[in-house]
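Participant: Let's see this in three dimensions:
(2 chains)
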There are 2 protein chains.
Amino acid sequence: MPPLPDDPRLALMLLSSIVEPGDAELDELLGEVGPVEAVGRIWAGEVPERLHRITGAAVACTPDPRRRAESLVSATEECGARVLVPGDPDWPEQLRDLMLVCDVDEPHLRPPRCLWVRGTGGLADSCRRSVAVVGARAASEYGLHLADDLAADLAEAGWTIVSGGACGIDRAAHLGSLARGGPTVAVLASGVERPYPRANCAMFEVVLQRGLLISEWPPGSSPMRHRFLTRNRVIAALAAGTVVVEAGVRSGAGNTARHTAELGRVLMFTPGPVTSSRSVGVHQLARGPWEARLVTRAEEVIEDVTGIGGPMAPPLPKPRRAFDRLTETESRLVEALPRGYVVEDDRLAAAAGVPVATAVETLERLALDGWVEALEGRWRLARGPAR
Amino acid sequence: MPPLPDDPRLALMLLSSIVEPGDAELDELLGEVGPVEAVGRIWAGEVPERLHRITGAAVACTPDPRRRAESLVSATEECGARVLVPGDPDWPEQLRDLMLVCDVDEPHLRPPRCLWVRGTGGLADSCRRSVAVVGARAASEYGLHLADDLAADLAEAGWTIVSGGACGIDRAAHLGSLARGGPTVAVLASGVERPYPRANCAMFEVVLQRGLLISEWPPGSSPMRHRFLTRNRVIAALAAGTVVVEAGVRSGAGNTARHTAELGRVLMFTPGPVTSSRSVGVHQLARGPWEARLVTRAEEVIEDVTGIGGPMAPPLPKPRRAFDRLTETESRLVEALPRGYVVEDDRLAAAAGVPVATAVETLERLALDGWVEALEGRWRLARGPAR
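Facilitator: Residues are numbered from 1 along each chain as shown, chains lettered A, B, ... in the order given. Have a look, this model is predicted:
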């Protein structure tokens, strides 16, 4: 038996390279004997049948765990990444909340045990005030515009955008944040040295300068399909809330939404035309089973994630009308006059609840200002500029 | 003092022609002495100061209440209308719920005391299964299309559409219902003999054949502005729920929405693009203060208004993919293979959680079906028709 790595961090890196995140059996073993001893037992084949089956191929490929660990370290160094494990000062504590939601049926929802991080800034710090913006890859122009705008305004307000680095909505959200100089965190389902998809490689270069690429999988890992679903729980757990911008009927964003709700984070969505297939998924989200808040602008997102005591979204400006300048009596009389009708003094006074004498006097003033016109003791609305 | 009408129905018609609906002081007087005596006291000037001031002009115009009542009766007959008062078999009992929400500050929210009805079918019967569909007059093509569709599908499912007969969303909702032969009820703010607005007169003619025009104001009444707000409470109270389709920041639909929520009816809205000024009002509605349900199709409206025990909206069909036909092991292997990557047997087996021998055997079968391609013992996704 070749010598084992004696550094727990190295052992966790090694384990991340052979067992998928959130494996309950491995986590149990880790809790019992710690990472160094867990590696020893796996390489010695002294683990339960299932774990043995999962790890067998990797152990057979690299019989010397130290060699495997060394190659992981050099791959990590080569791409300028660092490795975080729970307990590190830069480890985001909120990831622990995943322990609350995973259960026997869904062990893959357990917290990550190791994160590769590449880029600028601290991870815990960047995520302290963060919102996830996710959605369809096959997004519409409308959705892309919306994600970009929302992310830009959130960045301007000091919020970090967390997303998945995918094409479509994710990409627009990262770019919106970057355009305002905001940090952004892309949570990957591949190794951080070769972020997936390649189509976004130019964007990932910019992310590295102002934000972070993170992954639970070591450099060299391929973005296998199930990894995207596993990865989604990290997006949901890192951020204070998740905004789903566009999603079809069958969308991965629904998965992130579920994690968000189950973690007690704020689930939000932006509506769209009901005629758009890209919005069908978000509209379904709005109908349950979880509470999902409709948001249309960054201020509303901030109101929702900060909750009671946080800033309220300022009311939308109402169009000002000349009508707003009228006195109470004046506006009652003008309101009582239906367009296209001619009404007598007394009927108008009765309808407006104004004494007849006051009504006549006020109507004469309103006629001078171009609001009404007199027609032989009867009145009608004017079509003048005052209206 | 000229003789009084001795028929309570006639007295209520008369009172409707001189005091606006929901006048708390008049309702109190009616409760004390009944409609015939109330008319007597008003014409004798033996009423509280405020009521005297409101009714003074009308009493002065028509000193003989019986003459005024007669002219109301002939105007009612002339347009083929009938008059309903509380207690009539065709009086919609749900209007009584308005007593629960009106208060000192808003006496105009009290139940109607008299309704003019013109058209085909019973009012109570038509409204037993009814949904209100309301919204902006200045609607977009999108909103009009949506209101029309929703109303048509609701009519097809046996639901009556209640709305306000206005241009825009109201009109589209009435027409959608009529197009499927459904009854529809237009609640007016003018007399039923000359429904407002005139632009919709052709539509009102069709409503008369298959549905009803109703109003709290006698024939000859003009659609004064405050009457629209008063009228909205009747729309909300008649229907099991209200769907707001489009509304600007400053919209009368918000008023109907409030009544709906306060009456304990189901408040619903259809979303739209956040970039559309016509949808700003509905999106605000979605954020409170009342619970408002997002709906995108008639089945969802029906689910929401019938509540627990009612029909659930059928799930939207998910796009079927060839992928769905694969076995569990096959799909795990295909999912584990990221697009654009070439992966070894054993790594792929480990990622998919499948024994290596089974993996190789399955991959060979998948290759025959055009799902994957073998490259010297490594595998990649095929671009063939199977995918």
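Participant: do you know how far A:Ala202 is from B:Leu95?
Facilitator: The span separating A:Ala202 from B:Leu95 equals 64 Å under the rule CB to CB, to the nearest Å. From N, CA and C alone the C-beta is placed, and that goes for glycine too.
Participant: When those two are compared, which one has more neighbours?
Facilitator: In terms of neighbours (other CB atoms under 10 Å in any protein chain shown), B:Leu95 is the more surrounded of A:Ala202 and B:Leu95; the figures are 21 against 8.
Participant: Report pLDDT for the more buried one.
Facilitator: On pLDDT, B:Leu95 comes in at 95.
Participant: doesn't B:Ala237 make contact with it?
Facilitator: Yes. B:Leu95 lies in contact with B:Ala237 (CB atoms under 8 Å); the separation is 5.2 Å.
Participant: Overlap of the contact sets of these two?
Facilitator: B:Pro111 (CB atoms under 8 Å, 6 or more residues apart in numbering or on different chains).
Participant: Please work out which residues outside stretch A:296-303 touch it.
Facilitator: Contacts for stretch A:296-303 (CB under 8 Å, 6+ apart): A:131, A:149-150, A:153-154, A:156-157, A:159, A:241, A:243, A:268, A:270-271, A:293, A:295, A:310-314, B:274, B:280, B:283, B:287.
Participant: excluding its backbone neighbours, what's nearest the closest residue to chain B within the stretch 51-200 of chain A?
Facilitator: Chain B sits closest to A:Ala57 of the stretch 51-200 of chain A, with a gap of 3.9 Å, by CB to the nearest CB. In space, A:Ala57 comes closest to B:Asp346 once its chain neighbours are excluded; the distance is 3.9 Å by CB to CB, 6 or more residues apart in numbering or on different chains.
Participant: pretty sure the one you found is in a strand, no?
Facilitator: No. B:Asp346 is assigned helix when assessed by DSSP: H, G, I helix; E, B strand; the rest coil, not a strand.
Participant: I'd say it and B:Pro355 touch.
Facilitator: No. Look at B:Asp346 against B:Pro355 with CB under 8 Å: they stay out of range, at 10.3 Å.
Participant: quick one: contacts for A:Cys127?
Facilitator: By CB under 8 Å, 6+ apart, the contact list for A:Cys127 reads A:92, A:94, A:160, A:162, A:185, A:238-239.
Participant: Show me the subset of these that also lies near chain B.
Facilitator: When CB under 8 Å from any CB of the partner chain is applied, no member of the contacts of A:Cys127 is adjacent to chain B.
Participant: I'd like to know which of these are part of helices.
Facilitator: Under the assignment DSSP state H, the contacts of A:Cys127 contribute A:Leu238 to helices.
Participant: Closest to B:Arg210 out of the contacts of A:Cys127?
Facilitator: Among the contacts of A:Cys127, A:Ala239 lies closest to B:Arg210 (CB to CB), at 52.8 Å.
Participant: Next one, pLDDT for the residue of the stretch 51-200 of chain A closest to chain B please.
Facilitator: At A:Ala57, pLDDT is 82.
Participant: Now, the contacts of A:Cys127 that are in strands?
Facilitator: A:160, A:162, A:185 (DSSP state E).
Participant: and the first one, what is it in contact with?
Facilitator: What it means is A:Thr160. Counting by CB under 8 Å, 6+ apart, A:Thr160 has contacts A:126-131, A:177, A:182-185, A:211.
Participant: How about A:Ala292?
Facilitator: A:244, A:257, A:261, A:267-269, A:285-286.
Participant: what's the distance between it and A:Val266?
Facilitator: To A:Val266, A:Ala292 is 9 Å away according to CB to CB.
Participant: picking that back up, I'd like the contacts of A:Ala292 as JSON lines, with secondary structure appended.
Facilitator: Converted to JSON lines, the contacts of A:Ala292 look like this (three-state DSSP):
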{"residue": "A:Val244", "secondary structure": "strand"}
{"residue": "A:Ala257", "secondary structure": "helix"}
{"residue": "A:Ala261", "secondary structure": "helix"}
{"residue": "A:Leu267", "secondary structure": "strand"}
{"residue": "A:Met268", "secondary structure": "strand"}
{"residue": "A:Phe269", "secondary structure": "strand"}
{"residue": "A:Leu285", "secondary structure": "helix"}
{"residue": "A:Ala286", "secondary structure": "helix"}
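Participant: so which of those also contact chain B?
Facilitator: A:Ala286.
Participant: which one among the contacts of A:Ala292 gets closest to chain B?
Facilitator: For the contacts of A:Ala292, the nearest to chain B is A:Ala286 (3.9 Å; CB to the nearest CB).
Participant: which helix of chain A spans the most residues?
Facilitator: helix A:24-44.
Participant: Return whatever helix or strand comes next after it as CSV; C-alpha atoms alone will do.
Facilitator: Per DSSP states H and E, the first helix or strand lying C-terminal to helix A:24-44 is helix A:49-61. C-alpha atoms of helix A:49-61 as CSV (Å, rounded to 0.1, in the frame of the first residue of the first chain):
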residue,chain,number,x,y,z
GLU,A,49,-20.0,-2.3,-1.2
ARG,A,50,-21.6,0.7,-2.9
LEU,A,51,-18.7,3.1,-2.1
HIS,A,52,-16.3,0.4,-3.3
ARG,A,53,-18.1,0.1,-6.6
ILE,A,54,-18.1,3.9,-7.1
THR,A,55,-14.5,4.3,-6.3
GLY,A,56,-13.1,1.1,-7.8
ALA,A,57,-12.4,2.4,-11.3
ALA,A,58,-10.5,5.4,-10.0
VAL,A,59,-8.5,3.4,-7.5
ALA,A,60,-7.6,0.9,-10.2
CYS,A,61,-6.5,3.8,-12.6
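Participant: Quick check: end-to-end length of stretch A:74-93?
Facilitator: 27 Å (CA to CA, to the nearest Å).
Participant: residues of that stretch that come out buried?
Facilitator: Buried residues in stretch A:74-93, defined by neighbour count with 16 or more other CB atoms under 10 Å in any protein chain shown: A:75-76, A:81, A:83-85, A:91-92.
Participant: Then stretch A:99-106?
Facilitator: A:101-102.
Participant: Just give me the neighbour total for the residue in chain A positioned nearest to chain B.
Facilitator: Minimum separation of chain A from chain B (CB to the nearest CB) falls at A:Pro271, amounting to 3.2 Å. Applying other CB under 10 Å, we find 25 residues neighbouring A:Pro271.
Participant: which helices and strands does the least confident helix or strand in chain A by mean pLDDT pack with?
Facilitator: Taking mean pLDDT, DSSP states H and E as the measure, helix A:345-352 is the helix or strand of chain A with the lowest mean score, a mean of 81. Under the contact definition 3 or more CB pairs under 8 Å, 6 or more residues apart in numbering or on different chains; DSSP states H and E, helix A:345-352 sits against helix A:328-336, helix A:356-368, strand A:378-381, helix B:49-61.
Participant: touching chain B at all, the second one?
Facilitator: Yes. Helix A:356-368 comes into contact with chain B when judged by CB under 8 Å from any CB, the residues involved being A:Val356.
Participant: In terms of secondary structure, what does that helix contact?
Facilitator: Using 3+ CB pairs under 8 Å, 6+ apart: helix A:356-368 touches helix A:328-336, helix A:345-352, strand A:372-375.
Participant: run the last query once more with 10 Å
Facilitator: Packing contacts for helix A:356-368, counted by 3 or more CB pairs under 10 Å, 6 or more residues apart in numbering or on different chains; DSSP states H and E, involve helix A:328-336, helix A:345-352, strand A:372-375, strand A:378-381, helix B:49-61.
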